[in-house]
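**Student:** need a structure here:
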Amino acid sequence: MINVEDYIPMVHKITHKQYMKFKYRYSYDDMFQAGCVGLMRAAKNFNESKGRKFSTYAYKYVEGHIINLARNDSWYVANRVRDRTKESYAPVSLDQLVGYQEDTPMVDLIMGDVSEYSNLDLRMALGKLPGTLKKIIEMRYFYDFTWREISKSINMPQSTLYKYKKEALETLRKEIMA
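**Tutor:** Model prediction:
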C-alpha cells in the first residue's frame, strides 16, 4: 500500500515549477490542490506488479492535473488552434506593471498623460489592432511570454516580432491619445 503523504514534497516541487508559469492567473494553493488530486488518482491507479517506481508514475499524474487546471480555463493562452480563437480577455489596468521584471507600468508603454483614460480605453485600443499585433502585445505584456515563446507560438522570426511590436505600440499610442 502506498502512503501518499510521503509524496507531498514531490507535489510541492511540481507545483512550484508550474506556479512560475501560471502565477499571473492561479494561486499556489489552487495549483497544489490540483496536484494532490493527481497524486490521489495516481495512488488509486498504480499497479505495483508492473515493476515501476511510484514516484515516476505519480509525477505525470500530478503535473497533468496542474496543467489541466489551466487548460480547462478559458483564460489560458495556448498553442492549440481551438484556444487561439477564443476572444475572452481580462480587463487590464493602465497602472498594471508589465515586462520581464514587472517594473514598467502599462501607461509608460503608451506614453503621455493618460490619467483620464480607463481600462476600457485600453481594451478598445487593443481591439483595433489587427489579430497578429494584438496577440503579440497580449502574449508579451499581459501573459509574460518570452519573445522566443511567442516566436514559436505564431511561427514568426523574433526580428519580425520586434518590428510588429513597435508598430503595435505606435498604433496604441495614437488610439489612446486620440
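
**Student:** The closest residue to K128 other than its chain neighbours: neighbour count?
**Tutor:** Nearest residue to K128 in three dimensions, chain neighbours excluded: E175, at 5.7 Å (C-beta to C-beta, 6 or more residues apart in numbering). C-beta here means a position set from N, CA and C on the backbone, and glycine is covered the same way. Other residues near E175 come to 17 when the count uses other C-beta atoms under 10 Å.

**Student:** The chain - how does it break down into domains?
**Tutor:** Following automatic domain parsing, the chain resolves into domains at 4-71, 89-177.

**Student:** what's the least confident stretch among those domains?
**Tutor:** Note on the domains of the chain: domain 89-177 shows the lowest mean pLDDT, a mean of 73.

**Student:** which residue packs closest to Y162, ignoring adjacent ones?
**Tutor:** According to C-beta to C-beta, 6+ apart, the nearest residue to Y162 is W147 (7.7 Å).

**Student:** how many other residues sit next to that neighbour?
**Tutor:** Using other C-beta under 10 Å: W147 sits among 15 other residues.

**Student:** Could you check how far it is from K13?
**Tutor:** For W147, the distance to K13 equals 28 Å [C-beta to C-beta, to the nearest Å].

**Student:** And whichever helix in the chain runs longest, what does it pack against?
**Tutor:** Of all the elements of type helix in the chain, the one with the most residues (DSSP state H) is helix 158-177. With contacts taken as 3 or more C-beta pairs under 8 Å, 6 or more residues apart in numbering; DSSP states H and E, helix 158-177 sits against helix 106-110, helix 119-127, helix 131-137, helix 147-154.
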